[in-house]
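1. fold the following, please.
(chains A and B)
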Amino acid sequence: MSPRDETPAEIAISEGELRSMTRTLDEMHQDSMSDVRTSMAGLSERISSATGSIANRRAFLLGGAAVVGAGVLAACGSSSSGGTPSAKGGPTSPSGGSPYLGDLKVVALAAALENLAVAGYGLALTNAKKGKYGAVPPAIADFVVTARKQHHEHAAAWNGVLAKAGLPKVTMPSLTITPSAVAALKGAKKITDVAAIALNLENAAAETYVFATANVTDAGGIATAASIAPVEAMHAAILSFVLGKYPVPNADIGISNAVPPSALTA
Amino acid sequence: MTAFVTKTKAQHVDHAKGFNAALARLGAKEQHKPDPKYLAYVNSQKSGLTNAGAVVKLAIALEDVAAQTYTNDVSLVSTSELRQLFAGVAGVEAQHKAILLAVQALVAAGAPQLIALPPNAAKLPKAAGHIGFPDAFFPTKSASPASEGAVK
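-> Numbers count the residues shown, from 1 in each chain, chains lettered A, B, ... in the order given. Model (predicted):
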């Protein structure tokens, strides 16, 4: 990256040209969606099949629970890529009356995390429209709108799995980290404050999905987490760039800031 | 951009070390040569690399195929350690791609001066806000098969 030029020239490319590039990228996105739908459908079918009897349901759910837990987080330390406080907790167990256990607890956690992102970006948009942050650069507003849309798609995908398993969808950001994230967002006075909070959340989401790839047992769930983790990492890279931070600080996406299944409150 | 290229190269060296360490742990042959398919592709492009736009386009293609391959590989390996390794690296290649897509847009816009840390956000074109992450779910259609490696 070169030093900042204080007197940038006007941009020679038109919005129309950029939109044309974007349309091409959107077409690529629609292609990739078909693969994800296949993996999610497979996961849903396997869960439906496995939960067809009480005995099978117990075996399926406990199969995941045996490996999902913050003990694994502590044992698999890696590079950190964000400032979100680590929400390490105890091993996942079928306690507290939660209907989400094993792999499905990770699915529910993912849905809740996506809901937090959707809600957070939504709050930022609302506040921006009210002028709370002053003039918001169009590129940042565009980032927020697009990232929010993608998180919404992620949440819908995960909730589709829960619904197919006969479990309630997670439609709220039901996480222990939500109150602090919301408080931070409400206290944000500049759009860069919002971007910094979003960066922490995106990094935590990316790490959570990397954690999920290693700790979920279902093939469809693994593939889906693997396909979402890079997208959250890309969001983080662009946010870092906007904030003036080096956009790809680490050689790998770690898991030390992953949100553990024990953070789920649903 | 020079700093980005330098650090990105170092990160790819780290990735190669990570993958070769995994091969060594498994008692398999380490891989120290480039993927032959993409080496041939790079060589075929060399004569056209006369401007920043062409270089960035080639880099995007390579980062994209790497990210797609590792994303796909997460589902092909059988241990949690290897899944985490591939997923962790895939995310970084995807980040390289995101930044290069943004750079490509700014170069195409004739505004390379906006490629700076921090950028002058107010001057960035609106679409630059999302051009770096075109997919809600990272694709794997262009993933290279494991059989493509040079060492048999």
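
2. list the buried residues in the helix or strand where residue A:194 lies.
-> Following DSSP states H and E, the helix or strand that holds residue A:194 is helix A:191-215. Within helix A:191-215, the residues that qualify as buried are A:191-192, A:194-215, counting by 16 or more other C-beta atoms under 10 Å in any protein chain shown. All C-beta spots, glycine's among them, are computed from the backbone N, C-alpha and C.

3. could you do stretch B:3-11 as well?
-> Neighbour counts over stretch B:3-11 (16+ other C-beta under 10 Å) mark B:4, B:7, B:8, B:11 as buried.

4. equivalent analysis for stretch B:96-109, please.
-> Neighbour-count burial for stretch B:96-109 [16+ other C-beta under 10 Å]: B:96-109.

5. tell me, which of those make contact with chain A?
-> Subset of those in contact with chain A: B:96, B:97, B:98, B:99, B:102, B:105, B:108, B:109, counting by C-beta under 8 Å from any C-beta of the partner chain.

6. quickly find the element holding the closest residue to chain B within the stretch 51-200 of chain A.
-> Nearest residue of the stretch 51-200 of chain A to chain B: residue A:142, at 3.0 Å (C-beta to the nearest C-beta). Assigned by DSSP H and E, residue A:142 falls within helix A:138-164.

7. out of the buried residues of stretch B:96-109, which sit inside strands?
-> Using DSSP state E, no member of those falls within strands.

8. tell me the one among the ones next to chain A among the buried residues of stretch B:96-109 nearest to residue A:104.
-> The nearest member of those to residue A:104, counting by C-beta to C-beta, is residue B:98 at 30.9 Å.

9. next one: the residue in chain B sticking out farthest from the centre from residue A:138, what distance?
-> Note on chain B: the largest C-alpha distance from the chain mean falls to residue B:122, namely 28.2 Å (C-alpha atoms, centre = their mean). From residue B:122 over to residue A:138 the distance is 8 Å, taken as C-beta to C-beta, to the nearest Å.

10. ditto for residue B:55
-> If you measure residue B:55 against residue A:138 using C-beta to C-beta, the figure is 28 Å.

11. equivalent analysis for residue B:44, please.
-> To residue A:138, residue B:44 is 39 Å away according to C-beta to C-beta.

12. the two: which has the busier surroundings?
-> Relative neighbour count places residue A:138 above the other of residue B:44 and residue A:138, with 18 against 9, counting by other C-beta atoms under 10 Å in any protein chain shown.

13. so for stretch A:109-129, what's the average pLDDT?
-> In this model, stretch A:109-129 has a mean pLDDT of 97.

14. same for the longest helix along chain B, what does it pack against?
-> In chain B, taking DSSP state H as the definition, the longest helix is helix B:80-108. Counting contacts by 3 or more C-beta pairs under 8 Å, 6 or more residues apart in numbering or on different chains; DSSP states H and E, helix B:80-108 packs against helix A:15-50, helix A:191-215, helix A:219-243, helix B:2-25, helix B:52-73.
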